[in-house]
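**Q** Output the structure for:
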Amino acid sequence: MPLPIGHTAIGFTTHSFCNGNESSSGRWKVLLGILILANLPDVDVLLGIIFMGNGNVFHRGPTHSLIFALIGGFLASRVCRLWPQLPKFSFRICFLFILSHVVADFVFTNSPISFFWPITVSWSTGHSGLGDVVNLVLFGNYRDGKIMIGCASLVLLHRTLMALGIASRVRKLKSVFRVGTDSIKKNLW
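**A** Model (predicted):
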């Protein structure tokens, strides 16, 4: 199961892919925004601890769904526009940060998630108190080593391809395809 550092690494990778060559490593506000949004679905753990004393009681429910990613992405993008101190994340990137968490939990764990909540609902089982959660977050992040190495490799590969101009050729092909499909749609209507 990815922990906060793993989810943040996946969010940073998402940001790197969506922003091309733009480096965000020196901008702490962007990194903080990625950290918060990529880990936002786990707010259910905090709510479980606060209200029930068990971090698993609400875990993997509505906050691990497509609807939460859409609504959370929309609200986060609006908040980013209202406060000039925050990084200017679009709805698309906010949605992708939150969705990356849900997809990572689906891919890297055996436990079900509530992706199509409210149609399907899956809850985590077991008991996880405040001490367990703090211990896991502070001392369990070594488990995310493979995720971090994989994400770093993907970012380096992507940036290398961008530097070599391969990615710009792919982008040109996409724009040619888009222009072609737009003209087809125009002629059909």
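
**Q** for the helix or strand where residue 17 lies, the distance to its chain's centre please.
**A** Using DSSP states H and E, residue 17 sits within helix 4-18. Helix 4-18 sits 6 Å away from the centroid of its parent chain (Cα atoms, centre = their mean, to the nearest Å).

**Q** Over to stretch 60-77?
**A** With Cα atoms, centre = their mean, you get 11 Å for stretch 60-77.

**Q** neighbouring contacts of that stretch?
**A** Contact with stretch 60-77 is made by 37, 40-44, 89-99, 101-102, 105, 111-118, 121-124, as judged by Cβ atoms under 8 Å, 6 or more residues apart in numbering. Any C-beta I mention is one placed from the backbone N, CA and C, and that applies to glycine too.

**Q** sorry, back to before: and the helix holding residue 17, which residues are buried?
**A** 4-16 (16 or more other Cβ atoms under 10 Å).

**Q** in the protein, what spans have low per-residue confidence?
**A** 20-26, 166-189 (pLDDT under 70).

**Q** can you do 90?
**A** Under the criterion pLDDT under 90, the flagged ranges of the chain are 1-2, 16-29, 54-60, 80-81, 83-88, 108-113, 118-145, 158-189.

**Q** ranges for the helices of it?
**A** With helices called from DSSP state H, the chain shows them at 4-18, 28-39, 43-52, 66-82, 91-108, 130-139, 145-164, 166-188.

**Q** ok, residue 48 - contacts?
**A** Residue 48 sits in contact with 54, 55, 56, 57, 58, 59, 128, where contact means Cβ under 8 Å, 6+ apart.

**Q** Pull the residues that contact the helix holding residue 17.
**A** 2, 24, 30-31, 34-35, 37-39, 42, 92-93, 96-97, 100-101, 104, 108, 137, 141, 143-144, 147-148, 151-152, 154-155, 158-159.

**Q** Please convert the buried members of the residues you listed into ChimeraX selection syntax.
**A** To isolate the buried subset of the contacts of helix 4-18 in ChimeraX, counting by 16+ other Cβ under 10 Å, use the following:
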select :2,24,30,31,34,35,37,38,39,42,93,96,97,100,101,104,108,141,144,147,148,151,155,158
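
**Q** Tell me the spacing between residue 125 and residue 36.
**A** 27 Å (Cβ to Cβ, to the nearest Å).

**Q** Same question for residue 56.
**A** Distance from residue 56 to residue 36, by Cβ to Cβ: 22 Å.

**Q** ok, the two, which is more surrounded?
**A** Between residue 56 and residue 36, counted using other Cβ atoms under 10 Å, residue 56 has the larger neighbour count: 21 against 15.

**Q** and residue 125, how many neighbours?
**A** Residue 125 is flanked by 10 other residues according to other Cβ under 10 Å.

**Q** With residue 117 instead?
**A** 18.

**Q** Can you pull the phi/psi pair for it?
**A** phi -60, psi 140 (degrees, to the nearest 10).

**Q** For it, which non-adjacent residue is closest in space?
**A** residue 65 (3.7 Å; Cβ to Cβ, 6 or more residues apart in numbering).
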